[in-house]
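A.B. asks: Here is a sequence together with a model predicted from it:
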Amino acid sequence: MENPHAERQAVLLERILKNTSKCTETILELNHCMEEIIRANAQIRTAADLSKSYRRNVQYNLEATNLKDKGDAASGKVGN
């Protein structure tokens, strides 16, 4: 006669192993999806960095031009 406690433990252990296996498969799939997203975002990140740098340069040049124009106006110069 088998031990009912051991049978129950074996069934529970089997369920735990099955669920753990499913969980592992899901995590591996999630990791794969995340890697694809990261690769896709790399180009977007580069474009965003370029845009940010361009905006900063434009802002600097606008400020420099405005300061020059104000200095020229104060000295009476008109120019391009």
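C.D. replies: Thanks, I have the structure now. Numbering: from 1, shown residues only.

A.B. asks: Every contact and neighbour count from this point should use C-alpha atoms.
C.D. replies: Will do.

A.B. asks: Pull the number of nearby residues for residue 70.
C.D. replies: Counted with other C-alpha atoms under 10 Å, residues neighbouring residue 70 total 13.

A.B. asks: Now it: which helix or strand?
C.D. replies: helix 4-75 (DSSP states H and E).

A.B. asks: Now find how far off-centre that helix is within its chain.
C.D. replies: 1 Å (C-alpha atoms, centre = their mean, to the nearest Å).

A.B. asks: Now do that helix, average pLDDT.
C.D. replies: Averaging pLDDT along helix 4-75 yields 92.

A.B. asks: gap between residue 68 and residue 9?
C.D. replies: 83 Å (C-alpha to C-alpha, to the nearest Å).

A.B. asks: can you check residue 39 too?
C.D. replies: For residue 39, the distance to residue 9 - C-alpha to C-alpha - is 45 Å.

A.B. asks: swap in residue 17?
C.D. replies: When distance is defined by C-alpha to C-alpha, residue 17 is 12 Å away from residue 9.

A.B. asks: same question, residue 20
C.D. replies: 16 Å.

A.B. asks: got it, and residue 49?
C.D. replies: 57 Å.

A.B. asks: Buried residues, stretch 62-69. List them.
C.D. replies: Buried residues in stretch 62-69, counting neighbours by 16 or more other C-alpha atoms under 10 Å, are found at residue 69.

A.B. asks: Can I get that stretch in CSV, CA atoms only?
C.D. replies: Extracted C-alpha coordinates of stretch 62-69, given in CSV (Å, rounded to 0.1, in the frame of the first residue of the first chain):
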residue,chain,number,x,y,z
LEU,A,62,19.8,82.2,-32.3
GLU,A,63,21.0,83.6,-29.0
ALA,A,64,24.4,84.5,-30.4
THR,A,65,22.7,86.2,-33.4
ASN,A,66,20.3,88.1,-31.1
LEU,A,67,23.2,89.3,-29.0
LYS,A,68,25.1,90.4,-32.1
ASP,A,69,22.1,92.2,-33.5
